[in-house]
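[1] Using only what follows, build the 3D model:
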Amino acid sequence: MTGVTDLIAAVATPAGSGAVSIIRLSGPGLLTALDQVLIGAGDLAKRPRSLVLAKAKDLSGEIVDEVLAVFFPGPYSFTGEDCAEIQCHAGLVTPNLVLEAVLGAGARMANPGEFTQRAFLNGRLSLDQAEAVAELVAAQSRSEAILARRQLSGALKERIDPIVRQLTALAATLTAILDFEEPWEETDKARLTSDLTRLQKDLDYLLTLRREGRIFREGLKIVIAGPPNAGKSSLFNALLGLDRALVSPRPGTTRDYLEAAVSWAGLRVELIDTAGLWAESTDELDQLGQDRTRERMSEADLILWLKDLTAPNPPSAPSNVLQGDLKEADNPADADIPVLEVHTKADLAQSPAALEPQALTISAKTGLRLDQLKREVLTILGVKAERPPELVPNYRHQKALEETAVFLNEAAKALADGAPPDIVNLEITEALTHLGQITGRVMTEDLLTEVFSHFCLGK
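    So this is what the prediction gives:
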């Protein structure tokens with residue numbers, strides 16, 4: 001336990017119309033506070049984990065709702081402390097009246113993520129599992145929800161813990177050599193080198209899962225780009241299935257970019273409609289719109305470059321127009337962004353000759369080959385199945401794994417160069433520190449702030 005001495009409370013469900021709203025409480029003094037708020041609940045301590053019908057009163061003593069209350073005694077609760085939930089009718093008023101009554105009975109308003117933070121501090125969850133709570137709540141696609149649930153179940157921790165144990169054993173061996181001044185045998189070096197090589201492969205595997213599975217965790221960002229009037233907004237609307245962007249035959253309708261999310265094959269796909277790129281305009285707003293287009297292109301996982309079949313000599317991508325624009329962006333890796341050229345307005349083409357047989361030709365108006373477009377995007381980005389890998393570390397985990405790998409490489413190099421045991425042990429200890437930050441075995445105040453600042457109230 002952490003020595004927490006206060007009772008916290010928050011509404012754990014979204015505000016607004018609905019059937020039920022839940023007020024969550026955790027901490028010492030919980031039963032005393034509930035006795036002041038609930039009428040007819042009896043002794044909740046004698047009926048743990050059972051829903052009890054009661055009436056809730058506000059600060060003035062007025063009964064505001066008929067509720068259901070449930071008590072979860074610690075340490076076998078979500079937070080590891082005494083917890084409770086009050087289920088009342090949803091809406092904008094009633095949940096707040098009940099919450100105000102709970103706060104008036106001695107609780108304080110919980111900070112964002114404080115319930116999950118207490119679960120971590122009390123040993124109910126590792127830090128990566130705590131992160132998975134927020135990721136599960138924020139999931140916008142099937143794949144994101146699956147990965148968050150696996151992480152919450154301990155999939156990543158189960159991979160990390162054996163590496164931690166083996167590194168700890170190596171550090172203990174080196175410490176023993178130093179403490180007892182045992183000779184630094186060649187057999188010791190060979191065994192340590194073999195162990196480090198194996199552990200480096202384990203880390204490489206986790207980093208490979210991150211690289212190959214990132215899109216399942218974070219989704220795809222697809223930028224629709226091209227010259228004015230190429231059909232960008234029409235395609236944007238067609239892929240969304242609704243009229244989100246204004247469409248006009250007049251060039252330059254889109255001055256700024258629009259974003260919206262859809263789901264393709266269980267993946268979250270963020271579509272971005274952009275202003276047209278053209279050299280003739282001297283209008284300041286047009287230029288600002290084109291600058292933002294280039295910025296969005298530089299951040300994309302893939303760019304759809306539209307080529308209007310009805311326009312005379314439409315610019316192609318990427319060699320002359322697209323790559324020239326990207327080179328002006330801030331990201332030096334932009335040249336690696338894949339580009340899919342898409343021929344648009346097939347329904348308006350003057351003749352079949354305009355339809356190039358090898359090109360991906362679509363019609364946003366009729367829906368021609370839009371499904372093929374989606375399939376090609378996923379193929380180019382290497383999405384081979386709807387189900388994500390077994391686990392995908394997040395960006396924070398990636399950085400910690402990379403730092404761990406650096407120190408393991410340094411340890412292996414020190415061994416090969418004939419460094420003394422204390423130098424090798426120093427590198428292994430640093431590796432353990434960075435690896436421990438994933439599960440929270442090693443933690444700092446800054447690390448906790450970084451993780452739990454992304455949570456919402458009541459979680």
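[2] so residue 174, which of the three states?
    helix (DSSP: H, G, I helix; E, B strand; the rest coil).
[3] what about it, how many neighbours?
    Residue 174 has 23 neighbouring residues, counting by other C-beta atoms under 10 Å. All C-beta spots, glycine's among them, are computed from the backbone N, C-alpha and C.
[4] Relative to residue 165, how far out is it?
    15 Å (C-beta to C-beta, to the nearest Å).
[5] Can you read off the backbone torsions of residue 273?
    Per-residue torsions, residue 273: phi -90, psi 130 (degrees, to the nearest 10).
[6] Please verify my assumption that residue 168 contacts residue 433.
    No. Under the criterion of C-beta atoms under 8 Å, residue 168 is not in contact with residue 433, lying 11.7 Å apart.
[7] ok now stretch 437-450, how far from the chain's centre?
    Relative to the centre of its chain, stretch 437-450 is centred 17 Å away, using C-alpha atoms, centre = their mean, to the nearest Å.
[8] Equivalent analysis for stretch 145-159, please.
    That offset, for stretch 145-159, works out to 13 Å (C-alpha atoms, centre = their mean).
[9] The lengthiest helix in the chain packs against which elements?
    What stands out as the longest helix in the chain, according to DSSP state H, is helix 186-218. On a contact count with 3 or more C-beta pairs under 8 Å, 6 or more residues apart in numbering; DSSP states H and E, helix 186-218 meets helix 142-152, helix 155-179, helix 395-416.
[10] buried ones in it?
    The neighbour-count check on helix 186-218 (16 or more other C-beta atoms under 10 Å) flags 188, 192, 195-196, 199-200, 202-203, 206-207, 209-210, 213-218 as buried.
[11] Likewise for stretch 359-369?
    Neighbour counts over stretch 359-369 (16+ other C-beta under 10 Å) mark 360, 361, 362, 363, 364, 365, 369 as buried.
[12] mind checking the end-to-end distance for it?
    Length of stretch 359-369, first residue to last, C-alpha to C-alpha, to the nearest Å: 11 Å.
[13] In three-state terms, how would residue 79 be classified?
    Under three-state DSSP, residue 79 falls in the coil class.
[14] For the stretch 351-459 of the chain, which residues score under the pLDDT cut-off?
    For the stretch 351-459 of the chain, the stretches flagged by pLDDT under 70 are 351-358, 385-386.
[15] what does the stretch 151-300 of the chain give?
    Residues of the stretch 151-300 of the chain meeting the criterion pLDDT under 70: 181-186, 242-255, 278-284, 286.
[16] hmm, back to that, in CSV, list the helices and strands packed on helix 186-218 along with distance to residue 11.
    Formatted as CSV, these follow (distance: least, C-beta to C-beta, whole Å):
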stretch, distance to residue 11
helix 142-152, 22
helix 155-179, 30
helix 395-416, 28
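[17] Go through those helices and pick out the most buried.
    Of all these, helix 142-152 has the most neighbours on average by mean count of other C-beta atoms under 10 Å, namely a mean of 21.
[18] could you give the angle of it to helix 186-218?
    Here helix 142-152 runs at an angle of 140 degrees relative to helix 186-218 (axes from the mean of the first three to the mean of the last three C-alpha atoms, to 10 degrees).
[19] Output helix 142-152 in PDB with nothing but the alpha carbons.
    These are the backbone C-alpha positions of helix 142-152, laid out as PDB (Å, rounded to 0.1, in the frame of the first residue of the first chain):
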ATOM      1  CA  ARG A 142     -11.400  -3.200 -33.400                       C
ATOM      2  CA  SER A 143      -7.700  -3.700 -33.600                       C
ATOM      3  CA  GLU A 144      -6.900  -0.900 -31.100                       C
ATOM      4  CA  ALA A 145      -9.400  -2.500 -28.600                       C
ATOM      5  CA  ILE A 146      -7.900  -6.000 -29.100                       C
ATOM      6  CA  LEU A 147      -4.400  -4.800 -28.500                       C
ATOM      7  CA  ALA A 148      -5.400  -2.700 -25.400                       C
ATOM      8  CA  ARG A 149      -7.200  -5.700 -24.000                       C
ATOM      9  CA  ARG A 150      -4.200  -8.000 -24.500                       C
ATOM     10  CA  GLN A 151      -1.900  -5.500 -22.800                       C
ATOM     11  CA  LEU A 152      -4.400  -5.100 -20.000                       C
END
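[20] packing partners for it?
    Helix 142-152 sits against helix 127-138, helix 186-218, strand 267-273, with contacts defined as 3+ C-beta pairs under 8 Å, 6+ apart.
[21] Please identify which of those is closest to residue 301.
    In terms of C-beta to C-beta, the element of the helices and strands packed on helix 142-152 nearest to residue 301 is helix 186-218, at 6.8 Å.
[22] Figure out how far the closest one is from the centre of its chain.
    Its chain's average C-alpha position is 23 Å from that of helix 186-218, according to C-alpha atoms, centre = their mean.
[23] cool, stretch 164-184 as well?
    On the basis of C-alpha atoms, centre = their mean, stretch 164-184 sits 38 Å off its chain's mean C-alpha point.
[24] Three-state assignment for residue 74, please.
    Assigned by three-state DSSP, the conformation of residue 74 is coil.
[25] quick one: pLDDT of the residue lying closest to it once chain neighbours are set aside?
    The shortest distance from residue 74 to any residue other than its chain neighbours is 4.5 Å, reached at residue 81 (C-beta to C-beta, 6 or more residues apart in numbering). Reported pLDDT at residue 81 in the predicted model: 96.
[26] pretty sure residue 81 contacts residue 26?
    Yes. Shown here, residue 81 and residue 26 form a contact pair, counting by C-beta under 8 Å, at 5.1 Å.
[27] Kindly state which of the helices and strands packed on helix 142-152 is positioned closest to residue 421.
    Set against residue 421 and scored by C-beta to C-beta, those come closest in helix 186-218, at 8.4 Å.
[28] quick one: the closest one to helix 127-138, angle?
    Going by the same axes, to 10 degrees, helix 186-218 makes 10 degrees with helix 127-138.
[29] ok and helix 186-218 relative to strand 267-273, angle-wise?
    60 degrees.
[30] Please pull up the helix or strand immediately following helix 186-218.
    Next helix or strand after helix 186-218 toward the C-terminus (DSSP states H and E): strand 220-225.
[31] helices and strands around whichever helix or strand comes after that next one, which ones?
    Per DSSP H and E, the first helix or strand lying C-terminal to strand 220-225 is helix 232-240. If you count contacts as 3+ C-beta pairs under 8 Å, 6+ apart, helix 232-240 packs onto strand 220-225, strand 258-264, strand 267-273, strand 302-308, strand 339-344, helix 370-380.
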